[in-house]
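*Asks:* Quick one, fold the following:
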Amino acid sequence: MNVSLILGHPRPDSFNHAIAETARATLRAHRHAVAFHDLYGERFDPLMGAAESLTRLSDDPLVERHCAEIARAEGIIVVHPNWWGGPPAIVKGWIDRVIRPGVAYDMVPGDGGEPAPVGRLRTATALVITTANTPPERERDLFGDMLEVLWRRCIWGLSGVPRIERIAFSVVAASTPEMRAAWLEQVRAAVARHFPIG
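*Replies:* Numbers count the residues shown, from 1 in each chain. All right, here's what the predicted structure looks like:
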């Protein structure tokens, strides 16, 4: 199975990196082909230029590589922190430039004639793993868990992905080594469940 693994965290020593490495090791142990991208490490440019906003193509070879990989991915895993209720700017820029018309969805006339998205990804499963320093109850009750809405209803839902799971770990700043080890076991289990041995 072809699986795209996208990481968006600036510090190589972060828990997000440990999550991504755990996911990658589990995928490889299950004999899947992994297209791994550390967005900060590869200096992915999150800025979409005026010309690119008018076309389905990019003159950035890295963006086109990401688009080609996502178009053929049978599974997608995204790992990032929750910053102010959303992903880091580099992840949002990746969404803007890669999860775009002609790659992830097409716009077609809806029932009332207005444009409506129709998903075109062949991905069967999208797994999103996030970290935060806000307790989950506060995230849900006070803020409405905006990341859940963003990934499930907007991005993957509109791109035609049938199976979507989000795992959120918090409070990372107050976590112990034992808690982090248990969380990494949850990552291994989730990746193994969605992407069993091929």
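*Asks:* Tell me where the protein has helices.
*Replies:* Using DSSP state H, the helices of the chain run over 15-29, 61-72, 89-98, 136-143, 146-148, 157-158, 177-194.
*Asks:* Could you export those to CSV, including columns for distance to residue 107?
*Replies:* Bear in mind the C-beta positions are built from the backbone N, C-alpha and C, glycine included. Converted to CSV, the helices of the chain look like this (distance: least, CB to CB, whole Å):
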stretch, distance to residue 107
helix 15-29, 32
helix 61-72, 17
helix 89-98, 15
helix 136-143, 30
helix 146-148, 24
helix 157-158, 10
helix 177-194, 29
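*Asks:* out of those helices, which comes closest to residue 127?
*Replies:* With CB to CB as the measure, helix 177-194 is the member of the helices of the chain nearest residue 127 (5.7 Å).
*Asks:* now the closest one, how far from the chain's geometric center?
*Replies:* Using CA atoms, centre = their mean, to the nearest Å, the mean C-alpha position of helix 177-194 is found 17 Å from that of the whole chain.
*Asks:* likewise stretch 158-169?
*Replies:* Between the centre of stretch 158-169 and the centre of its chain there are 9 Å (CA atoms, centre = their mean).
*Asks:* Could I get the CA-only coordinates of that stretch as PDB?
*Replies:* Backbone C-alpha positions of stretch 158-169 (Å, rounded to 0.1, in the frame of the first residue of the first chain) are rendered in PDB as follows:
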ATOM      1  CA  LEU A 158     -14.700  16.900   0.800                       C
ATOM      2  CA  SER A 159     -11.800  15.000  -0.800                       C
ATOM      3  CA  GLY A 160     -13.800  11.700  -0.800                       C
ATOM      4  CA  VAL A 161     -11.900   9.900   2.000                       C
ATOM      5  CA  PRO A 162     -14.300   7.300   3.500                       C
ATOM      6  CA  ARG A 163     -12.500   6.400   6.700                       C
ATOM      7  CA  ILE A 164     -11.100   9.300   8.900                       C
ATOM      8  CA  GLU A 165      -9.600   9.100  12.400                       C
ATOM      9  CA  ARG A 166      -8.100  11.800  14.500                       C
ATOM     10  CA  ILE A 167      -6.100  11.100  17.600                       C
ATOM     11  CA  ALA A 168      -5.300  14.000  19.900                       C
ATOM     12  CA  PHE A 169      -2.700  13.900  22.600                       C
END
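*Asks:* Cool, thanks, signing off.
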